[in-house]
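Undergrad: pasted the sequence and its predicted model underneath.
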Amino acid sequence: MPVERMTALKLKIADITNGEWVRKEGLEPSYVVTPSGEHVSRARILGTVVAKFVADDENFATATIDDGTDTIRAKTFKTLKPLDSVDIGDIVDVIGKVREYAGEIYIIPETVAKITDPNFELLRELELLKKSKTSPVQNKEKEIDKTDVKKELLKLLEKHSEGITYAEILEKMKLPEETLEPVINEVLAEGICYEPVPGKLKKI
């Protein structure tokens with residue numbers, strides 16, 4: 001049975017670092033239980049890069065991200081991507097898998113986007129505030145026809161035969177990640193597409 005790619009939840013860093021780590025066995029993803037009770041295996045955070053480290057052999061890199069509530073490290077292994085393009089002082093929007101080792105909760109980044117629009121941080125604050133006040137009924141009212149979204153996604157993938165990153169999909173389709181995520185899970189489960197590398201989708 002295919003394992004679904006979990007939705008990346010928009011969170012404050014403190015929601016992750018103050019959560020309880022739950023380790024699962026087998027193919028079931030481990031996750032953090034946030035103070036509000038959300039189960040998070042993939043997260044989306046926004047903050048400033050306050051420190052960066054790159055190993056001499058370039059097989060390991062970290063970027064420490066601060067959003068004012070706490071800090072968390074994004075780590076890459078056997079590659080510098082996607083941390084190779086960020087520097088200390090950059091404001092970044094990070095989507096990645098939440099992991100834990102030796103008591104430290106960290107993120108393996110799938111996409112890292114530099115933010116230059118000064119209104120972006122305010123927008124994220126409003127999104128998080130709205131999320132905390134939105135009921136499940138309201139969420140259902142916002143649902144868009146998955147069939148139409150799937151058709152548009154497949155058209156986009158056909159135009160990018162070499163593959164396209166999740167960040168580019170979000171930008172080009174101009175839909176919320178919460179709407180796109182179930183559709184991406186569906187095409188992955190059906191074997192229509194695959195991930196040649198983490199954070200990138202390619203049509204078979």
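TA: Happy to help now that I have it. Small disclaimer: the values here were computed from a predicted structure and weren't measured.

Undergrad: need phi/psi at the closest residue in space to residue 193 that isn't next to it in sequence.
TA: For residue 193, ignoring the flanking residues on the chain, the nearest one in space by C-beta to C-beta, 6 or more residues apart in numbering is residue 187 at 4.6 Å. The way it works is simple: take the backbone N, C-alpha and C, and place the C-beta from them, glycine included. When read as degrees, to the nearest 10, the backbone of residue 187 gives phi -70, psi -30.

Undergrad: swap in residue 95?
TA: According to degrees, to the nearest 10, the main-chain angles of residue 95 amount to phi -120, psi 130.

Undergrad: show me what it bridges to in the sheet.
TA: Here residue 95 sits in beta bridges with residue 44, residue 111, going by DSSP bridges.

Undergrad: quickly note the distance from it to residue 55.
TA: Note on residue 95: its distance to residue 55, by C-beta to C-beta, to the nearest Å, is 23 Å.

Undergrad: who's more crowded, these two?
TA: Between residue 95 and residue 55, counting by other C-beta atoms under 10 Å, residue 95 is the more crowded of the two (23 against 12).

Undergrad: rewinding a little: report the separation between the residue nearest to residue 193 and residue 155.
TA: 12 Å.

Undergrad: between those two, which one's more packed in?
TA: Using other C-beta under 10 Å as the criterion, residue 187 and residue 155 rank with residue 187 on top: 18 against 10.

Undergrad: that older thread, wait, the residue nearest to residue 193 sits on residue 152?
TA: No. Shown here, residue 187 and residue 152 do not form a contact pair, counting by C-beta atoms under 8 Å, at 11.7 Å.

Undergrad: name the residue closest to the centre of this structure, please.
TA: The centroid of the chain falls nearest to residue 95 when counting by C-alpha atoms, centre = their mean (2.4 Å).

Undergrad: domains of the chain?
TA: Annotated domains of the chain cover 8-114, 135-203 [automatic domain parsing].

Undergrad: ok now the first one, how far from the chain's centre?
TA: How far domain 8-114 lies from its chain's middle: 9 Å, per C-alpha atoms, centre = their mean, to the nearest Å.

Undergrad: after the helix or strand where residue 62 lies comes which helix or strand?
TA: Per DSSP states H and E: residue 62 is located in strand 60-66. Where DSSP H and E defines the elements, the next helix or strand beyond strand 60-66 is strand 71-77.

Undergrad: just the C-alphas of that following strand, formatted as PDB.
TA: Provided in PDB are the C-alpha atoms of strand 71-77 (Å, rounded to 0.1, in the frame of the first residue of the first chain):
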ATOM      1  CA  THR A  71      15.200  28.400  16.500                       C
ATOM      2  CA  ILE A  72      15.500  25.200  14.500                       C
ATOM      3  CA  ARG A  73      18.200  23.700  12.300                       C
ATOM      4  CA  ALA A  74      17.600  22.700   8.700                       C
ATOM      5  CA  LYS A  75      20.100  19.900   7.800                       C
ATOM      6  CA  THR A  76      21.200  18.400   4.500                       C
ATOM      7  CA  PHE A  77      23.100  15.100   4.100                       C
END
